[in-house]
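Participant: Any chance you could fold what I've pasted below:
(one chain, ligands or ions: 1)
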Amino acid sequence: MIQPPPAPLRLRIDPQALAGNWRALDAKSGAARAGAAVKADGYGLGAMHVVPVLRDAGVQDFFVAHWCEVPALLAHLPPGQIAVLHGPVTAEDAAYALGTGVRPVINSVQQARLWLGAGGGLCDLMVDTGMNRLGLPPSQLNEPDIARLQVHTLHSHLASADEDSAQNREQLALFRQVAGARSAGRRALANSAGIALGADYAFDLTRPGIALYGGTPRGELADEIRQVAFPQARILQVRQLDAGDRVGYNGVFTAPGPMRVATVALGYADGYLRAWGGRGVLHAGTDRLPLLGRVSMDMVVADLSAAPHLGPGDWLDVPYTLHDAAQASGLSQYELLTLLGPRLERFVAG
Ligand SMILES: *Cc1c(COP(=O)(O)O)cnc(C)c1O
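Facilitator: Next comes the predicted model:
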């Protein structure tokens, strides 16, 4: 089969920034080690790209949400370095955990029974300290099937670490009680934002995700965390507009005078949502190219006045520092990354 040409849209992943972000989070974790949340295909960057970089930087604990995410990690890691946050929901899940040697995170008495029934062994245990999402209620810690678990790492998860909320201290106090009552090899509470809350929250292991990939859920991280994911798209066509010409679906932009515009290969099917219509810009080097009109499924149109020499095939940068992009779009930093679609060709380059 003839190979197709490279895609006209791509996502550059900067390995130095990714490794540097992990080192910064590991240092901020104090005596604790930082692991890495790589669920949702490495927050949309591609687990196959981010896992080897993080492994080579020194990460030894990787977390995914679902069992179907495990094979992409097993290609690069020994099974003992992987834990599945959602735990076994079916007997097939438990059998797969045993067969691969990947640790389940047990979240309920029901999951403990499934795991013990399948043969059991080392597992992690997630205790809910106030988020009421996944995890064992502390009142059930003495259930016999929980007491029988061989717990490698005892976890809880912070609900509001990105805010100065009283809930952070409440969850910390409850997690301390739980950790005193239930022996485990290690204890882990903090996500990215939790690391920025200080050493009290670090325990033995931290589980950063978004900040590895350039997100800054708290201002304290802004100085050290660097952008990792850089979207780019090619110009498909350029045209000259006259005053009064309208652009795109529903003609919501009308040219005030003669202007040169570029049609660019990036649309809402790629995760560049309609939220960007009328407020997004593209960059050509340091030149700003404001978007005109609606975002289409596969295209946007940008004002080429600042870079009139550009033409079809030229690459444009999509400004995507997560804090600023979240402010501009109204999307969360997490959504901005995990939305990016499969047509963006991921590649690792410094
Ligand atoms: C996703 C997740 C993390 C990582 O959170 P970030 O806010 O991305 O740092 C940590 N722990 C658990 C249980 C998670 O589900």
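Participant: Helices of the stretch 101-250 of the chain, start to end?
Facilitator: For the stretch 101-250 of the chain, the helices defined by DSSP state H, counting those that start in this stretch cover 109-118, 144-147, 166-181, 192-196.
Participant: so what are the domain limits for this structure?
Facilitator: 15-213, 229-319 (automatic domain parsing).
Participant: how long is the longest one end to end?
Facilitator: Distance between the boundary residues of domain 15-213 (CA to CA, to the nearest Å) amounts to 10 Å.
Participant: returning to what we had before: out of the domains of the chain, flag the one nearest the ligand.
Facilitator: Closest approach to the ligand among the domains of the chain is made by domain 15-213 (2.6 Å; CB to the nearest ligand atom). C-betas here are computed from N, CA, C, even on glycine.
Participant: Leaving aside the residues adjacent along the chain, what's closest to Q171?
Facilitator: Distance criterion CB to CB, 6 or more residues apart in numbering; nearest residue to Q171, sequence neighbours excluded, is T129 at 4.4 Å.
Participant: okay, and for this structure, where does confidence drop off?
Facilitator: Across the chain, nothing is flagged by pLDDT under 70.
Participant: At the geometric centre of it, which residue do we find?
Facilitator: Closest to where the C-alpha atoms of the chain average out (CA atoms, centre = their mean) is Y43, at 2.7 Å.
Participant: OK, contacts around it?
Facilitator: 37, 50, 209-210, 212-213, 334, 337-338 (CB atoms under 8 Å, 6 or more residues apart in numbering).
Participant: please redo it, this time with the cut-off set to 10 Å
Facilitator: Neighbouring residues of Y43 by CB atoms under 10 Å, 6 or more residues apart in numbering: 37, 50, 209-210, 212-215, 228-229, 333-334, 336-338, 340.
Participant: if I look at whichever residue of the stretch 251-350 of the chain sits closest to the ligand, how far off is V178?
Facilitator: Using CB to the nearest ligand atom, the single residue of the stretch 251-350 of the chain nearest to the ligand is Y334, 6.6 Å away. Taking CB to CB, to the nearest Å as the measure, Y334 and V178 are separated by 27 Å.
Participant: Who has more neighbours out of these two?
Facilitator: Neighbour count, other CB atoms under 10 Å: between Y334 and V178, V178 has more, with 21 against 18.
Participant: Up against the ligand, what does the chain have?
Facilitator: Contacts of the chain with the ligand, taken as CB under 6 Å from any ligand atom, map to 37, 39, 85, 157, 191-193, 207-211, 217.
Participant: and with 8 Å instead?
Facilitator: Residues of the chain found near the ligand (CB under 8 Å from any ligand atom) are 37, 39, 43, 63, 65, 85, 105, 126, 134, 155, 157, 161-162, 190-195, 207-212, 215, 217, 334.
Participant: Buried ones among those?
Facilitator: 37, 39, 43, 63, 85, 105, 126, 134, 155, 157, 161-162, 190-195, 207-212, 215, 217, 334 (16 or more other CB atoms under 10 Å).
Participant: out of these, which are inside strands?
Facilitator: 37, 63, 105, 126, 155 (DSSP state E).
Participant: most packed of the domains of the chain?
Facilitator: Most buried of these, by mean neighbour count (mean count of other CB atoms under 10 Å): domain 15-213, with a mean of 19.
Participant: Could you check how far that domain is from the centre of its chain?
Facilitator: 15 Å (CA atoms, centre = their mean, to the nearest Å).
Participant: How far off centre is the longest strand anywhere in the chain?
Facilitator: If you go by DSSP E, the chain has its longest strand at strand 229-241. The chain centre lies 26 Å from the centre of strand 229-241; the measure is CA atoms, centre = their mean.
Participant: before we move on, back to that, how about the residue of the stretch 251-350 of the chain closest to the ligand, nearest residue that isn't a chain neighbour?
Facilitator: Among residues not flanking Y334 along the chain, I210 sits closest, at 5.8 Å (CB to CB, 6+ apart).
Participant: residues contacting that neighbour?
Facilitator: 21, 37, 43, 162, 191-193, 216-217, 221, 225, 322, 332-334, 336-338.
Participant: Could you do Q110 as well?
Facilitator: Residues near Q110 by CB under 10 Å, 6+ apart: 87-89, 136, 145.
Participant: And for P258?
Facilitator: 240-243, 245, 305 are the contacts of P258 under CB under 10 Å, 6+ apart.
Participant: Out of the residues you listed, flag the one nearest to G58.
Facilitator: Each of these was scored against G58 by CB to CB, and S305 proved nearest at 47.1 Å.
Participant: That closest one - nearest residue in space that isn't next to it in sequence?
Facilitator: M259 (5.8 Å).
Participant: Who is that neighbour paired with across the strands?
Facilitator: L241 (DSSP bridges).
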